[in-house]
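Q: Below are the sequence and a predicted model; questions follow.
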Amino acid sequence: MIGRLNHVAIAVPDLVSGTKVYEQTLGANVSKPQALPEHGVTVVFVELPNTKIELLEVLGEESPIAPFIEKNPSGGIHHVCYEVEDIIVARDRMISEGARVLGDGEPKIGAHGKPVLFLHPKDFCGTLVELEQV
Ligand code: CO
């Protein structure tokens, strides 16, 4: 049911040095930083030929990635995002399969302006999974 890998999100302690690694060392195109206060992160997008990498930095005191950065001070892979055609159909399937949807279970508008949901890492091989309707 899931489609393409939309992005891999990497939480970083410092967006400037994270951007430098991807731009200078790895030679990728990196977007300008975008503050997303409603998600508690500032994000840049690394455009790759077949997918994207998102670098996430803590924004504000309620940032959902703050505990992750505390545990992983040099940063780390935070989640993977898979595309789905219909997020409500996908959500209902996950629930009927016994998986846990995070939050109130209702899709939110994500960093790309499209509806997203997050699934419990313990139900998905220890990985936080984001579903995005495309
Ligand atoms: Co994401």
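A: That came through, no problem.
Q: Tell me who's in contact with S31.
A: Applying C-beta atoms under 8 Å, 6 or more residues apart in numbering, we find S31 in contact with 44-47. Bear in mind the C-beta positions are built from the backbone N, C-alpha and C, glycine included.
Q: can you pull out the helices in the protein?
A: 15-20, 66-71, 87-96 (DSSP state H).
Q: Identify all contacting residues around the last one.
A: Looking back up the chat, that one is helix 87-96. 1-2, 84, 101, 105, 107, 115-117, 119, 131-133.
Q: Which one of those is nearest to K52?
A: Using C-beta to C-beta, E132 is the member of these that lies nearest K52, at 11.1 Å.
Q: OK, contacts around the closest one?
A: Contacts of E132 (C-beta under 8 Å, 6+ apart): 6, 81-84, 87, 110, 112, 114-116.
Q: Whichever of the contacts of helix 87-96 end up buried, select them in PyMOL.
A: For the buried members of the contacts of helix 87-96, the matching PyMOL selection, counting by 16 or more other C-beta atoms under 10 Å, is:
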select buried, resi 84+101+107+115+116+117+119+131+132+133
